[in-house]
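# only the shape, not the letters, is given here:
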C-alpha cells in the first residue's frame with residue numbers, strides 16, 4: 001500500500017499585541033479625608049508626595065482623578081487594596097476601573 005504524503009504549511013509569524021490598559025479613577029465624596037487619599041496614593045499606587053497631592057486636588061476640585069493606568073489585573077488589584085484600606089478606616093471611598 002503506497003504511503004500518502006501531505007503538505008503542511010506552518011505559520012511563520014505570530015501576532016502579539018499589548019494588553020489593554022485600564023485607568024484607576026478615584027471619585028470625590030464628602031467623607032473621605034484628603035490626607036487619607038494622599039496616603040493611599042503613596043502606599044498603594046507608589047506616587048510621590050507631590051503626585052499624590054496633585055491627584056487628590058483633581059478629585060477634590062473636579063470630582064475625580066486618575067491614580068494610574070495599568071493592565072486589568074493590576075488595576076483591579078490596586079483598586080481592591082485601596083478600597084480595603086478605606087473600609088478599614090471607615091471611609092466610603094469610591095474607585096472605578098475603566099478601559100483607556
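Here it is on my side, so go on. Since the structure is predicted, the reported quantities are computational estimates derived from the model, not experimental observations. Numbers count the residues shown, from 1 in each chain.
# okay, CA-based contacts and neighbour counts for the rest of this
Will do.
# what comes up buried for stretch 71-78?
Along stretch 71-78, these residues count as buried under the neighbour rule (16 or more other CA atoms under 10 Å): 72, 75-76, 78.
# show me the residue at the heart of this protein, geometrically.
Nearest to the geometric centre of the chain sits residue 75, at 2.5 Å (CA atoms, centre = their mean).
# looking at this, that one is in a helix?
Yes. Counting by DSSP: H, G, I helix; E, B strand; the rest coil, residue 75 is located in a helix.
# run through who's touching stretch 41-60.
Stretch 41-60 is contacted by residues 26-28, 34, 37-39, 64-68, 78, 81-82 when judged by CA atoms under 8 Å, 6 or more residues apart in numbering.
# related to what we said a few turns ago, can you redo the buried residues of stretch 71-78 as TSV with distance to residue 56 and pLDDT?
Output for these, formatted as TSV (distance: CA to CA, whole Å; pLDDT from 0 to 100):
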residue	distance to residue 56	pLDDT
72	23	97
75	18	98
76	20	98
78	16	98
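# residue 97 is in contact with the residue nearest to the centre of the chain, correct?
Yes. The pair residue 75 and residue 97 passes the contact test of CA atoms under 8 Å, sitting 6.7 Å apart.
# touching, residue 96 and residue 64? I think so.
No. Using CA under 8 Å, residue 96 is not in contact with residue 64; the gap is 10.0 Å.
# where does the protein dip in pLDDT?
The chain contains residues with pLDDT under 70 at 1-2, 11.
# show me where it has its strands.
Using DSSP state E, the strands of the chain run over 21-27, 64-71, 94-99.
# coming back round to it: buried subset of the contacts of stretch 41-60?
The neighbour count (16+ other CA under 10 Å) marks 26-28, 37-39, 64-68, 78, 82 as buried among these.
# skipping adjacent residues, who's closest to residue 99 in space?
For residue 99, ignoring the flanking residues on the chain, the nearest one in space by CA to CA, 6 or more residues apart in numbering is residue 22 at 4.2 Å.
# just to revisit the earlier point, could I get the buried residues of stretch 71-78 as TSV with distance to residue 14?
Listed next are the buried residues of stretch 71-78 as TSV, based on distance: CA to CA, whole Å:
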residue	distance to residue 14
72	23
75	27
76	29
78	32
